[in-house]
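> no sequence for this one, just the structure:
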């Protein structure tokens with residue numbers, strides 16, 4: 001299937017050599033040109049850049065992330081109607097530091113799953129990218145998440161500094177969850193609503209741009225494949241929410 005998809009693509013223009021910093025700028029200002037230029041390149045370089053910046057941002061916002069983690073723990077135990085263990089009520093940031101270090105692994109898993117869903121959706125539509133290209137698309141399309149991380153960190157920091165109670169779902173959201181009371185919603189639904197987000201849709205637009213630039217899809221076909229990829233992403237996200245709910249006895 002992968003070979004057939006690759007064979008149906010139009011011949012690619014040889015990529016011109018550009019510095020990495022220009023690629024990073026182009027993903028925000030000229031993504032179509034970037035995807036055309038990097039159509040035959042791999043995903044490792046953008047993943048490495050993302051990994052370094054993700055880890056750096058995790059340490060910059062270590063305090064707010066720790067408070068968000070504590071608020072999430074309190075929310076989970078409250079939903080289960082259980083008493084919060086003393087060990088989970090405070091403590092240092094060691095766990096958050098370990099989590100920050102493993103950001104590249106989490107990022108890689110996300111890119112891999114996203115690429116798989118994009119490749120499957122495009123294979124159904126025919127004429128889609130090869131799996132290596134899908135990995136490249138997902139890696140570069142993840143760059144808006146850097147801006148999301150900065151905005152989330154600032155929003156959580158402001159809420160913590162205000163002295164108000166921190167809501168792990170609403171206060172860290174940059175999408176629909178910010179305007180919804182999460183108290184009555186089950187975790188799988190909350191997890192799904194987390195993908196109704198400005199930055200997630202920004203990434204979806206980049207998938208569409210990439211499919212048009214690399215595979216020469218029409219706007220309608222690229223949009224359909226992008227939306228199908230987003231729908232496929234709901235499955236593992238809701239599954240994680242369901243597992244969390246079951247783990248808390250919900």
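The structure has been received and is ready for your questions. This structure is a prediction, so every number in the text was calculated from the model and none was measured.

> I would like the residues contacting stretch 100-113, please.
Applying CB atoms under 8 Å, 6 or more residues apart in numbering, the external contacts of stretch 100-113 come out as 43, 47, 50-51, 54-55, 58-59, 62, 65, 135, 138-139, 142, 233, 236. The C-beta positions use only the backbone N, C-alpha and C, and glycine is treated the same way.

> which of the residues you listed count as buried?
Buried positions within these, assessed by neighbour count (16 or more other CB atoms under 10 Å), are 43, 47, 50-51, 54-55, 58, 62, 65, 135, 138-139, 142, 233.

> which pair in those residues spans the largest distance?
62 and 135 (29.8 Å; CB to CB).

> thinking residue 186 is in contact with residue 245, fair?
Yes: the criterion here is CB atoms under 8 Å, and residue 186 meets it with residue 245 at 6.2 Å.

> Compare these two (neighbour count), which wins?
Shown here are residue 186 and residue 245; by other CB atoms under 10 Å, residue 245 has more neighbours (18 against 15).

> The more buried one against residue 189, yeah?
No: taking contacts as CB under 8 Å, residue 245 lies outside contact range of residue 189: 10.0 Å.

> joint contacts of the two?
When CB under 8 Å, 6+ apart defines a contact, no residue borders residue 245 and residue 189 alike.

> Please enumerate residues in contact with stretch 195-204?
Under the contact criterion CB under 8 Å, 6+ apart, stretch 195-204 has outside partners 141-142, 144-145, 147-148, 173-177, 226-227, 229-230, 233-234, 237.

> For PyMOL, write the select line for the buried members of these.
Applied in PyMOL, the following selects the buried portion of the contacts of stretch 195-204 according to 16+ other CB under 10 Å:
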select buried, resi 141+142+144+145+148+173+174+175+177+226+229+230+233+237
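
> Which ones among the contacts of stretch 195-204 lie within helices?
If you go by DSSP state H, the contacts of stretch 195-204 have 141, 144-145, 147-148, 226-227, 229-230, 233-234, 237 in helices.

> just the buried ones among the contacts of stretch 100-113 now: which is nearest residue 153?
So of the buried ones among the contacts of stretch 100-113, ranked by how close each gets to residue 153 (CB to CB), first place is residue 65, at 7.2 Å.

> Secondary structure element holding that closest one?
According to DSSP states H and E, residue 65 maps onto helix 62-80.

> buried stuff in stretch 23-39?
Buried, per 16+ other CB under 10 Å, within stretch 23-39: 23-24, 26-27, 31, 33-39.

> For this structure, just list every one of the helices.
Under DSSP H, the chain gives helices at 2-7, 20-29, 31-37, 44-60, 62-80, 94-101, 103-125, 131-141, 144-162, 187-193, 198-214, 219-247.

> just those: most buried one?
Comparing the helices of the chain by mean neighbour count (mean count of other CB atoms under 10 Å), helix 131-141 ranks first with a mean of 26.

> Any figure for the gap between the residue nearest to residue 125 when sequence neighbours are not counted and residue 217?
Excluding the flanking residues, the one nearest residue 125 by CB to CB, 6 or more residues apart in numbering is residue 225, at 5.1 Å. According to CB to CB, to the nearest Å, residue 225 and residue 217 sit 7 Å apart.

> which residues touch residue 155?
Residues in contact with residue 155 (CB under 8 Å, 6+ apart) are 171-172, 174.

> now swap in residue 151 and tell me
With CB under 8 Å, 6+ apart, residue 151 has these contacts: residue 174.

> that older thread, unless I'm mixing things up, the residue nearest to residue 125 is touching residue 120, no?
No: Residue 225 lies out of contact with residue 120 (CB under 8 Å); the separation is 9.8 Å.
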